[in-house]
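Peer 1: I would like the atomic coordinates for the input below:
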Amino acid sequence: MNQAELAAVTETTAERITRRAQALSARLRAVGERVFPPTAEKTLRSFTSGEVAQIVGVSDGYLRQLSLDGLGPNPDLSAGGRRSYTLNQINELREYLAASRPKEALRFWPRRRPGEKLQIITVANFKGGSAKTTTSLYLAQGLALQGFRVLAIDLDPQASLSAMFGYQPEFDIPENATLYGAIRYDDERVSMKNVVRSTYFSGISIVPGNLELMEFEHQTPRHMLNSRGQPEELFFRRVARAVAEVDDDFDVVVIDCPPQLGFLTMGALNAATGMIVTVHPQMVDVASMSQFLLMTSDLISVIEEAGGKLDYDFMKFLVTRHDPRDVPEQEIVGLLRDLFAEDVLGATAWKSTAIANAGLTKQSLYELSRGSVGRSVYDRAMESISGVNDEVIGLIRRVWGRT
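Peer 2: So this is what the prediction gives:
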């Protein structure tokens, strides 16, 4: 028996699990470095003039004329004369259009005005596999493409959302750099501004997650025993208080909740102005959601009895991973619409191989060109994503009193 085999025999179960976790993390990091060389940092592609015209809501011919007249940002020109814009240039274009066409300023540059409150949207369900992270990712990126300033908060210790934005939790997130750092109970608590990071996706900042978030679940019961119910120390107020520190920096906050109704999720529910409950249209998932709603109701009652106030501007159910050609799924969607009526978003997030395949390399479809995954498949998936995002943006505009 060689030394490695002997070590494998004598190691404890915890040591064996740790060894495998370290091996997997190292391999994932190596894969990331191959996909995004040489620095392993993600970058966002440029967008064609046709894509920009669709995103901004003007004609491609109008963009061409602006470019010829030297107005607005100067796009990059290929050898064949094709124009392309970075996301920063798209935002410059929005600013120019808002200034030059003041009657349509809010359409082009939709950021918050004085008196409009920050929108904090939690994406929640305690069942894994309901596409919470995918929904959070595409909502954050879709909002940013429309000109909103977005803060994404990863509350899941598994940190899948952080990984999609290029942060591998084991290597890239040091101690005290998650939301836990801004809501912890001891003297090591830091300002929320210290845990907000920029991303490669212009317009989006992120508070990343990792296993450190579990410390809040462990420390809260101990603190509750020692705080003697002091209102300012109640755990569910801490997320809202942290977010309030960066209120002026963003228009929308998107919180990816963990698949459990723990103290972190309760804090997010208390901070939220709106809630999206993701549900996969399978009977077992619908039954699970029933339990989720009952438990959420009980927890909200506890928060309100303790002095919290949950007054959502909207609470919507989003059907995810939906195959509209599947008859049983259609029946379940019909059941949900019959029961919850307008509380179910009209658009559904379709099941898509394009979305799944993009996720294999920790990318979203916004980062890929149509040709990389097949034009028809890409267009179909983007139609679904845009439908969901447009509805949510409509809800936000309604809260802000905009037509």
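Peer 1: now stretch 334-350, how far from the centre of its chain.
Peer 2: Computed by C-alpha atoms, centre = their mean, to the nearest Å, the chain-centroid distance of stretch 334-350 equals 21 Å.
Peer 1: and stretch 60-77, by the same measure?
Peer 2: 32 Å.
Peer 1: endpoints of that stretch, how far apart?
Peer 2: One end of stretch 60-77 sits 15 Å from the other (C-alpha to C-alpha, to the nearest Å).
Peer 1: and Gly209, that's in a strand?
Peer 2: No: counting by DSSP: H, G, I helix; E, B strand; the rest coil, Gly209 is not part of a strand but coil.
Peer 1: wouldn't it be in contact with Leu179 here?
Peer 2: Yes: applying C-beta atoms under 8 Å, one finds Gly209 in contact with Leu179, separated by 7.3 Å. Backbone N, C-alpha and C define where each C-beta goes, glycine included.
Peer 1: any residues in contact with both of those two?
Peer 2: 154-155 (C-beta atoms under 8 Å, 6 or more residues apart in numbering).
Peer 1: in the stretch 151-300 of the chain, which spans are helices?
Peer 2: 160-164, 169-172, 179-183, 192-195, 214-227, 238-244, 263-271, 283-305 (DSSP state H, counting those that start in this stretch).
Peer 1: how about those in JSON lines, adding mean pLDDT, mean neighbour count and distance to Arg397?
Peer 2: Compiled in JSON lines, the helices of the stretch 151-300 of the chain are given as follows (pLDDT from 0 to 100; neighbours: other C-beta atoms under 10 Å; distance: least, C-beta to C-beta, whole Å):
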{"stretch": "helix 160-164", "mean pLDDT": "95", "mean neighbour count": "24", "distance to Arg397": "25"}
{"stretch": "helix 169-172", "mean pLDDT": "86", "mean neighbour count": "18", "distance to Arg397": "34"}
{"stretch": "helix 179-183", "mean pLDDT": "97", "mean neighbour count": "25", "distance to Arg397": "28"}
{"stretch": "helix 192-195", "mean pLDDT": "98", "mean neighbour count": "18", "distance to Arg397": "26"}
{"stretch": "helix 214-227", "mean pLDDT": "86", "mean neighbour count": "14", "distance to Arg397": "34"}
{"stretch": "helix 238-244", "mean pLDDT": "96", "mean neighbour count": "21", "distance to Arg397": "21"}
{"stretch": "helix 263-271", "mean pLDDT": "93", "mean neighbour count": "25", "distance to Arg397": "21"}
{"stretch": "helix 283-305", "mean pLDDT": "85", "mean neighbour count": "14", "distance to Arg397": "26"}
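Peer 1: SS state for the residue positioned nearest the centre of the chain?
Peer 2: For the chain, the residue nearest the mean C-alpha position is Ser136 (2.8 Å; C-alpha atoms, centre = their mean). Three-state call for Ser136 (three-state DSSP): helix.
Peer 1: show me the domain layout of the protein.
Peer 2: 3-33, 47-108, 119-399 (automatic domain parsing).
Peer 1: so what would you say the end-to-end distance of the last one is?
Peer 2: This stretch, domain 119-399, spans 9 Å end to end (C-alpha to C-alpha).
Peer 1: related to what we said a few turns ago, for Ser372, find the nearest of the helices of the stretch 151-300 of the chain.
Peer 2: helix 160-164 (17.1 Å; C-beta to C-beta).
Peer 1: elements contacting that closest one?
Peer 2: Judged by 3 or more C-beta pairs under 8 Å, 6 or more residues apart in numbering; DSSP states H and E, the packing partners of helix 160-164 are helix 132-145, strand 150-154.
Peer 1: centre of the chain versus the first one, how much separation?
Peer 2: Average the C-alpha atoms of helix 132-145, do the same for its chain, and the two points are 5 Å apart (C-alpha atoms, centre = their mean).
Peer 1: what's next to it, contact-wise?
Peer 2: Helix 132-145 has contacts (C-beta under 8 Å, 6+ apart) with 55, 87, 90, 121, 123-125, 150, 152, 156, 160-161, 164, 201-204, 251-252, 254-257, 259, 276, 278, 318, 320, 349, 355, 359, 364-366, 385-386, 388-389, 392-393.
Peer 1: can you do 7 Å?
Peer 2: With contact meaning C-beta atoms under 7 Å, 6 or more residues apart in numbering, helix 132-145 is reached by 55, 123-125, 150, 152, 160-161, 164, 201-204, 252, 254, 256-257, 276, 278, 318, 320, 349, 355, 364, 366, 385, 389, 392-393.
Peer 1: of these, buried ones?
Peer 2: Neighbour counting with 16 or more other C-beta atoms under 10 Å marks 55, 123-125, 150, 152, 160-161, 164, 201, 203-204, 252, 254, 256-257, 276, 278, 318, 320, 349, 355, 364, 366, 385, 389, 392-393 as buried within these.
Peer 1: among those residues, which lie within strands?
Peer 2: Among the buried ones among the contacts of helix 132-145, DSSP state E puts 123-124, 150, 152, 204, 252, 254, 256, 276, 278, 318 in strands.
Peer 1: where in the stretch 51-200 of the chain is pLDDT low?
Peer 2: For the stretch 51-200 of the chain, no stretch has pLDDT under 70.
Peer 1: now with 80?
Peer 2: For the stretch 51-200 of the chain, the stretches with pLDDT under 80 are 126-128.
Peer 1: which ones are touching Val286?
Peer 2: Here Val286 is in contact with 279, 332 (criterion: C-beta under 7 Å, 6+ apart).
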